[in-house]
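*Asks:* Could you look at this predicted model? Sequence included:
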Amino acid sequence: MLTKKALLVAVCCLVVFSVCPLLYGQASGSFSGTVSDKTGSVIAGASVKITSQGTGVSRDAKTDDSGHYLVPLLPVAFYTIHVDAQGFQPGDQKDLRLQVDEHREVNFTLVPASVTEKIEVSASEVVVETTTPTLGQVITSEQVAQLPLNGRNFVQLATLTPGTTQETSPSSFFNGGPSSEVSARGSFSLSVGGSRAQSTDWLLDGNDNNELTAGGISIVPSIDAIQEFKVLTYNYSAEYGTRSGPTVLVTTRSGSNQLHGSLFEFFRNTKLDARSYFAATREQFNLNQFGGSLGGPIQKDKTYFFVDYQAKMQRHGVPFVGLIPTPAMKNGDFTLDPFGAARGPNNPNGFGDITNLYTFSPFQCDGAGNPIPAGPGGAQAAGTDCNKIPANMIDPVGQAMMNLYPTSNANNAALGYNFTNVPVRKLNEGEFDVRVDHNFSSKDSVFARFSYDQAVSFVPGGSPGFAEQSAFASTQDITNHGRNVAVSETHVFSDRTINQFNAGFNRIFNHIRSFGDGTCESAVLGILGANLNSKCPGAPGGVSQSKTDCVSCGLSSTLMGNYWALGDRGFAPFQGGTNVFSIADSFDMIRGKHHIRVGGQVRAQQMNVLTNAFQDGFLIPFGITGDTTADLLMGQIGLGIHDQTLSGATTGRRWKMYRPYVQDDWRVTNNLTLNLGLAWALTTPITEAQNRQANFDFATGKLYVAGSSPAIAGCAICVHSDGRVGIEMDKTALEPRIGVAWKPFGRSNTAVRAGYAIFHDSSWNQGGQGLWENPPYFAESDNFNGVPSCPFGNATSANPIDCGIQRVFLPAITSPPNPATFPGTVFSQNLNFKQGRVQQFNLNVEHQLPGNIVLTVGYAGSRSHHILVDGLNLNVTSPSACPGGANAVPGYTLGCGLSPTTPPYQFGVISNQNDAGNARYDSLQIKAETKSARHGIYALIGYTYSRTFDSGFADGLGTFPGATYFPLPGTQQADWGLSQINLNHQFTASVLYDLPFGKGKQFGSNWSGPVNTILGNWEVDVIEKVTSGFPLFVVNSANASGVNFQWNGNSLNRPDQVGDPNKPGPVAANPGCKNPPTAVHTLDHWFNQCAFMAAAPGELGNANRAPLYGPRFVNTDFSVIKHFVLPYREGMMLDFRAEFFNIFNHAQFFMSGGGSGMQDINAASSFGVVNGTVNNPRVVQFALKLKF
């Protein structure tokens, strides 16, 4: 096993000794076929030469006794195949395009030498796949270069593949969501067949290109650096499958015998764009994207180079809308709601009266309408009911926090916002690639590539200060840098025995600073003990200083329910990233009718992070008064969470993945191929570099502790462990591949393909969280003091208790705590944790229609088990309505009878990473693809009809799958529902059309001079995408069930569904619902809110986890390109481009759910309301591009 140091030396040596463009990397393909005469008799011993038209490099083969030849591991390129056989005229086929991971069948029929005709054929561009059952889609170099791409990000094109899904929610971690270092520079999610977005395996020239913290892509190459890429979706070779989702193979460009290159400038300006639907004005957008590429020979037919550079400078006004308290509310006057309507039972916006949380009765005012001061214990003298808080009940710290909100500047009660802002998001990014290819001989080829990416972003949170759209969305400065190295060597022992070696290094590193870092704002306001161990020279007195830790010393993150949040995001400052060292080798043997590939891959993965999690604390007012801002104003906090690292804030997690495999593509007959493979997916448990982690075993009550903390000595529940902390490596992850490809009519224009495969999900690793957050090395203290409320006057009393906003954080832990008596949160992972297992199966028919149209129709499905579900609390009791045999959820046997768990442990929360998730996916997939050089058109059209169900996958990244009832008995039945990535219908189309006007074309074939310059050589391109809506999750954040569910900082119940939400009008079972809608699927009533109501106290709601669908998505991107042929050099061309994204300015509506991504029946202003958009309004981009 290579050590990190040895692997680095090996990589460096290969780079130094290789001057190398032909990619004999994993993203390669093969040619095969049969050579016969006109009678159909096969010709054995025929010589086959396959030559790259760009480099002149060739490979030789001979046909076997059945007349069959096979040449594997060929780089992506255009080829000519020449066939010679004694007694026959030679045969040639030219312009054969070999694509990424394509196994192309090219047959030859030779004529006797006595016949004088020469066989020479130009290949068709789109062919039927006749040798494998793999589903997927190649995105060609023309598509990559010509189709309109907003931001020139190639990942957008991956969604043209049938069966793929991309999250569109702006709160998604991949799409610009809160705190997203992944989306800051333009990463995208990609899901296939119901897989979670983090399960995509991104490969760049065969090398790992994954961002491991969140599961995105690491390096996003420039469009001019990409030759083409392929999305493998179903039943692919055992060589691939490190993750359970799609595998994306990206091939970079290489040099050739001709010098070629490009220069480009893309430009966007605010004045060219339309206004977003909910924005008051057109938001700023300025973009300059420029760069170039150059490739060519260093030594003809031997050594080639390719380099490219791209810079991106973007300024984008981001429209925010939200709900904030009014100036009157900041001073205790809640007579009117945030929109100016009187509070009470008849309030049209759902804002009821507020309640004195010390007496649970209405506040009292005197005859002049002034609030009556509170007496001892918070009681008021009798007066008139009102919604005003007396001055002596207002907490000065709570009021100071309220004053951090900006002044409201809008009033849109229908859509639930009274504040709008369009701050400018900034991005400066530079990236380049250097690639060298070298052919030592026809037997040995090598290439090396280095890729560099550096991005600096300013990400606004919504307001100019500490108020932001959600608790993780504070204003931030984010720096990303990525580095990727790939080296590959191929040795041809003979035309039937080939070996390929690959080595690589992938690094992505992020640095994040939040708005208040270094201000010690919590200490300034008077929140005691919030800013601990803070390395801030200007910190107020009482804030202890750290000499080593990376900490924030900002404002405690405060979740405010229906209102915008306050404070700094957790996990900031953040310095961290991932390193992946990979080596792989494959050995190909062609033996008779068998093409056998034996190989293996090792990925050594590191995640190095410097952070203190929620160092400044996390606060949640429970809204006991009836309004969370009133709670805050009175200094009442329901939950205070505080994180402390006790052995340094730097953690280094380590794990390895081993993947030996064998694949046999068995050509049973010329019309039938069986694809048989087996891989073994081995992933080691995650360890920590200094053994600073622990694991609580819920089944036995034991805490497995690695390392040598002194706290272990007095710990009755502790078990000293090695770095795996009791977790056994899953050795059962065998992955069979069984496929068949059959030509039922004996011709290459029709194929029936079917396959079955098992994949395992080794991709997800709890992001920035994990078992390192356990005592004795880390402590999360939880202070629940919401009901009953903190005593009146506690902060100024002689013997205050730990409650209220000033004292919400428990005393600092000064030494490693004894885990046996620790009352806070602990993290747990099953000792027999299994990798997620996904079974895939597909059956399809592919046929070539007249006009070179290849039509594919088929079924694809999957069944997933043992999928990781992250961060759910195991330490729960039955619903409080259970005693006496009551059924907590009508229709389910859930949570009653025996206690769902063992008697609760002393810990506040036991946050579990378990393998209990299940999913199911079924789909009809239809694809039509054509390319005609004669008519100048390329088209790819896809339609998917599908259903995706799962048990609700929380992932620790803020993803919201609704309210799950895990771990109560009956969870699987109660939690089963539509997946958050479900799309019932999805249609995509992409078209490249070279208009038939100009010299040498159908119209104007004789044009010349100015006429041809102006009217000739025009191209139009379009991408169309239409989908149904994503599911909506309906929740009740006022959880009165008695069960302390916990995930992502939420304790949620579901409501009862008492009517049809898709029908307007009153609901008989909910007579208390005010103002039932007269129509549904409108912006202010997307569904009938009266169809849902809170479950009875002590019970769980009976609503399905995902009972509704959100708005559909319709978008058209369009471009016009004028090609100017320049006379200075053959092939030189200047392109002028005009690109229109969302050309019809169709508003793509989104229901934010008050920033939570869910529909909360307690968030009156956002429940059932469409209050945002995804995607962009119409924007226009111009470009000039010189190609030579």
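*Replies:* On my side now, so go ahead. Bear in mind the structure is a predicted one, so any value in this text is a computation, not a measurement.

*Asks:* alpha carbons only for contacts and neighbour counts from here, please
*Replies:* OK.

*Asks:* which residues touch the closest residue to Gln89 other than its chain neighbours?
*Replies:* In space, Gln89 comes closest to Ala113 once its chain neighbours are excluded; the distance is 4.7 Å by CA to CA, 6 or more residues apart in numbering. By CA atoms under 8 Å, 6 or more residues apart in numbering, the contact list for Ala113 reads Gly87, Phe88, Gln89.

*Asks:* Would you confirm that the last one contacts His82?
*Replies:* This means Gln89. No - using CA atoms under 8 Å, Gln89 is not in contact with His82, being 10.9 Å away.

*Asks:* mind checking which helix or strand of the chain has the lowest mean pLDDT?
*Replies:* When the helices and strands of the chain are compared on mean pLDDT, DSSP states H and E, helix 4-17 comes out lowest with a mean of 37.

*Asks:* now the following helix or strand past that one: how far from the chain's centre is it?
*Replies:* Counting by DSSP states H and E, the element after helix 4-17 in chain order, helix or strand, is strand 29-37. How far strand 29-37 lies from its chain's middle: 41 Å, per CA atoms, centre = their mean, to the nearest Å.

*Asks:* partner strands of the helix or strand following strand 29-37, parallel or antiparallel?
*Replies:* Per DSSP H and E, the first helix or strand lying C-terminal to strand 29-37 is strand 47-52. Paired neighbours of strand 47-52 in the sheet (DSSP bridges): strand 58-62 (antiparallel), strand 77-84 (antiparallel).

*Asks:* Deepest in the core, which of those is it.
*Replies:* Of all the strands paired with strand 47-52, strand 77-84 carries the top mean neighbour count, a mean of 21, counting by mean count of other CA atoms under 10 Å.

*Asks:* Convert the C-alpha atoms of it to CSV, please.
*Replies:* Coordinates of each C-alpha in strand 77-84 appear next as CSV, following Å, rounded to 0.1, in the frame of the first residue of the first chain:
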residue,chain,number,x,y,z
ALA,A,77,-11.2,11.0,-31.0
PHE,A,78,-12.1,10.6,-34.7
TYR,A,79,-10.7,7.4,-36.3
THR,A,80,-10.2,5.7,-39.6
ILE,A,81,-10.4,1.8,-39.6
HIS,A,82,-8.5,0.0,-42.4
VAL,A,83,-9.1,-3.7,-42.9
ASP,A,84,-6.8,-6.0,-45.1
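
*Asks:* Name the residues that touch it?
*Replies:* Contacts for strand 77-84 (CA under 8 Å, 6+ apart): 46-54, 90-99, 108.

*Asks:* Would you point out which residue is most central in this structure?
*Replies:* Ser189 (3.4 Å; CA atoms, centre = their mean).

*Asks:* which residues of the stretch 1-150 of the chain score low on pLDDT?
*Replies:* Scanning the stretch 1-150 of the chain for pLDDT under 70 picks out the ranges 1-27, 114-124.

*Asks:* Tell me where the stretch 351-500 of the chain has helices.
*Replies:* 396-402 (DSSP state H, counting those that start in this stretch).

*Asks:* So what touches stretch 772-782?
*Replies:* Under CA under 8 Å, 6+ apart, the answer for stretch 772-782 is 639-647, 651, 688, 692-695, 709, 711-712, 809-810, 813, 816-819, 822-827, 908.

*Asks:* hmm, try it at 7 Å
*Replies:* For stretch 772-782, contacts defined as CA atoms under 7 Å, 6 or more residues apart in numbering pick out 639-647, 692-694, 709, 711, 810, 816-819, 824-827, 908.

*Asks:* got the end-to-end distance for that stretch?
*Replies:* 17 Å (CA to CA, to the nearest Å).

*Asks:* from what I can see Pro1061 touches Met1093, true?
*Replies:* No - using CA atoms under 7 Å, Pro1061 makes no contact with Met1093, being 11.5 Å away.

*Asks:* Pairing partners for the top strand by length along the chain, with directions?
*Replies:* Across the chain, the longest stretch assigned as strand under DSSP state E is strand 909-932. Strand 909-932 has these partner strands in its sheet, going by DSSP bridges: strand 825-829 (parallel), strand 853-873 (antiparallel), strand 937-950 (antiparallel).

*Asks:* Just the C-alpha atoms of it, please, in CSV.
*Replies:* Extracted in CSV, the C-alpha atoms of strand 909-932 (Å, rounded to 0.1, in the frame of the first residue of the first chain):
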residue,chain,number,x,y,z
VAL,A,909,-29.9,14.1,22.3
ILE,A,910,-28.3,11.0,20.9
SER,A,911,-27.7,12.0,17.3
ASN,A,912,-27.5,8.9,15.2
GLN,A,913,-25.9,8.1,11.8
ASN,A,914,-27.7,4.9,10.8
ASP,A,915,-28.2,2.8,7.8
ALA,A,916,-32.0,2.6,8.1
GLY,A,917,-33.0,4.4,4.9
ASN,A,918,-35.0,2.8,2.1
ALA,A,919,-35.9,4.0,-1.4
ARG,A,920,-37.7,2.9,-4.5
TYR,A,921,-37.5,4.3,-8.1
ASP,A,922,-39.5,3.3,-11.2
SER,A,923,-39.4,5.0,-14.5
LEU,A,924,-40.3,5.0,-18.2
GLN,A,925,-37.5,6.6,-20.1
ILE,A,926,-37.6,7.6,-23.8
LYS,A,927,-34.8,9.2,-25.8
ALA,A,928,-34.4,10.2,-29.4
GLU,A,929,-31.1,11.4,-30.8
THR,A,930,-30.1,12.3,-34.3
LYS,A,931,-27.2,14.0,-36.1
SER,A,932,-27.2,14.9,-39.8
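
*Asks:* surely the residue nearest to the centre of the chain meets Thr164?
*Replies:* No - using CA under 7 Å as the test, Ser189 is too far from Thr164 to be in contact (10.1 Å).

*Asks:* what about Trp1086, how many neighbours?
*Replies:* 23 (other CA atoms under 10 Å).

*Asks:* That one and Pro969, how far apart?
*Replies:* 34 Å.

*Asks:* buried subset of the contacts of Ala113?
*Replies:* If you count burial by 16 or more other CA atoms under 10 Å, the buried members of the contacts of Ala113 come out as Phe88, Gln89.

*Asks:* now, which of the contacts of Ala113 sits nearest Gly1110?
*Replies:* Gln89 (64.1 Å; CA to CA).
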